[in-house]
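Engineer: test case, fold it:
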Amino acid sequence: MHDDPDAPRPAARSERGRYAEFVDELFRLQLIDREKRDFLRAGLRLAEEPAPPLVPPASSHCRVSEAGLKRAADARLVESLGGGRHRLRCGPETVHWGYLSGAAEPVLRIAPGDTVTIDTVSHEGILADQGDPESFFARFGIAKEEVLRDLVGVYAKVQHSGIGPHVVSGPVAVAGAEPGDVLAVHVLDAVPRVPYGVNTMRMNRGGLPDEFTLNRSIVIPFDTARGVAKFSERIEVPLAPFFGIMATGPARSLGRVSSVPPGAFGGNIDLKDLTAGATLYLPVHVPEALFMVGDGHAAQGDGEVDLTAIETSLTGTFRFDLLKGRPLAWPRAETPTHWITLGLHENLDEAMKLAIRECIKFLSEEKGLARADAYALASIAVDFEVTQVVDGVKGIHAMIPKGIFRD
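Structural biologist: Numbers count the residues shown, from 1 in each chain. As a prediction, this is how the structure comes out:
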């Protein structure tokens, strides 16, 4: 039987072979030159080698510049007091203005367990619309001698290179800290450096931006002997100093971030409960943690509704412990009477949800409660309070009373 020449034939299929032989055949047929053949052969050899393991991106191996350490030491702004104690004074070489950065050069390096006393200065009195600090405070009857010399030096020599207002001291590098660890910052003391503070409201800011359309600053004197701020002749506010900003270095991929909104690195949390005796637990995102501090407050109400508290320059004393391999998504805090979880978000409702979830997570992981039981206990015994509403990213904090637990 003869094949029908007009019948459809099955499509021809190429024989499967080695690609290297195909490259050689192309060369033999002069379809590629020798250089192209050798290039393709080299690629084939690489393809046959086992692929290197994928390494997730991280900043663990980033080097930290030593230049800031040298500048601070040369300026005699750092001092070792022995026994794991250090002093970090405030000056142009030990602060930066308006931002937080995971690439900032540390000005002091310590070991876990060490204690550091840090001087800070407030931004109030040196902002662009306030003029120089001596002139600003003179308008409120503050003598030149009562204006901090390091504040004058910061105004004269430090570039305001971030979009936030705050002057931030540090960073302090903690040896051995790595991403995935937690830096426990124990606040041992917080003391005003001057007997006055400033409250400022600004146009289109604060909790009622449409109702208070003015810029206004007032200086509030302190009676430090009695521990009060004299708001007026008949109103006295108890002094309760704390730092609005305590932070670890943000992830380097974020670059410089404004000092205003808080985040996973801490920052401008403005949690008034972080007075002496409190501990703030901060996630570590960059090598050596890079602790920064500033935005001293003499007193503040929850909400900080007109934009600022009583802003003042503080000296703080901190002990730093390192919790290895204990990753946190968000900062937590502890006082002698409460554990505190935080919710931070531009939307206050979302901040509340985050604070609830973090509270449930704490009760589940640290106290062994089932999630449903933790949710119930959060409703029964935990106070959810507004931290602040003026920093772009708003805050809710959950106050978990220690006294309800028998263990």
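Engineer: so the residue lying closest to residue 27 once chain neighbours are set aside, which state does it fall into?
Structural biologist: In space, and not counting its chain neighbours, residue 27 is closest to residue 37: 4.4 Å by Cβ to Cβ, 6 or more residues apart in numbering. From N, CA and C alone the C-beta is placed, and that goes for glycine too. Three-state secondary structure (criterion: DSSP: H, G, I helix; E, B strand; the rest coil) places residue 37 in helix.
Engineer: and the gap between residue 37 and residue 18?
Structural biologist: Using Cβ to Cβ, to the nearest Å, one obtains 14 Å as the distance from residue 37 to residue 18.
Engineer: now residue 227
Structural biologist: Summarising the geometry, the distance separating residue 227 from residue 18, computed by Cβ to Cβ, is 86 Å.
Engineer: hang on, the earlier thing: which one's more surrounded, residue 37 and residue 18?
Structural biologist: The residue with more neighbours, out of residue 37 and residue 18, is residue 37; 17 against 9, by other Cβ atoms under 10 Å.
Engineer: hang on, residue 71 packs against residue 93?
Structural biologist: Yes. Taking Cβ atoms under 8 Å as the contact criterion, residue 71 and residue 93 are neighbours in contact, 4.5 Å apart.
Engineer: just give me the neighbour total for residue 357.
Structural biologist: By the measure other Cβ under 10 Å, the count of residues near residue 357 is 18.
Engineer: what mean pLDDT would you report for the helix or strand containing it?
Structural biologist: Using DSSP states H and E, residue 357 sits within helix 348-367. Averaged across helix 348-367, pLDDT comes to 98.
Engineer: for that helix, packing partners?
Structural biologist: If contacts are counted by 3 or more Cβ pairs under 8 Å, 6 or more residues apart in numbering; DSSP states H and E, helix 348-367 sits against strand 338-345, helix 371-381, strand 383-388, strand 394-401.
Engineer: and for the third one, what's in contact with it?
Structural biologist: Contacting residues not belonging to strand 383-388 are listed as 269-272, 302-304, 342, 348, 352, 355-356, 359, 394-399 [Cβ atoms under 8 Å, 6 or more residues apart in numbering].
Engineer: one more time with 7 Å, if that's ok
Structural biologist: Surrounding strand 383-388, the residues in contact under the criterion Cβ atoms under 7 Å, 6 or more residues apart in numbering are 269-271, 302-304, 352, 355, 394-399.
Engineer: swap in the second one?
Structural biologist: Contacts of helix 371-381 from elsewhere in the structure, counted by Cβ under 7 Å, 6+ apart, are 356, 359, 360, 363, 364, 369, 401, 404.
Engineer: how about 8 Å then?
Structural biologist: Applying Cβ under 8 Å, 6+ apart, the set of residues contacting helix 371-381 is 356, 359, 360, 363, 364, 367, 369, 398, 400, 401, 404.
Engineer: and those residues as TSV, adding neighbour count?
Structural biologist: Converted to TSV, these look like this (neighbours: other Cβ atoms under 10 Å):
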residue	neighbour count
356	20
359	27
360	23
363	25
364	16
367	14
369	17
398	26
400	24
401	12
404	10
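Engineer: SS state for the spatially closest residue to residue 223 that is not a sequence neighbour?
Structural biologist: For residue 223, the nearest residue in space outside its immediate sequence neighbours is residue 230; the separation is 6.2 Å by Cβ to Cβ, 6+ apart. Put simply, residue 230 is strand when judged by three-state DSSP.
Engineer: thought residue 230 was touching residue 236?
Structural biologist: Yes. Contact between residue 230 and residue 236 holds when scored by Cβ under 8 Å: they sit 5.8 Å apart.
Engineer: hey, what's in contact with both of those two?
Structural biologist: With contacts defined as Cβ under 8 Å, 6+ apart, the residues adjacent to both residue 230 and residue 236 are residue 223.
Engineer: list the buried ones in the helix or strand of the chain with the lowest mean pLDDT?
Structural biologist: Within the chain, judged by mean pLDDT, DSSP states H and E, the helix or strand with the poorest mean is helix 34-48; its value is a mean of 81. Within helix 34-48, the residues that qualify as buried are 37, 40, counting by 16 or more other Cβ atoms under 10 Å.
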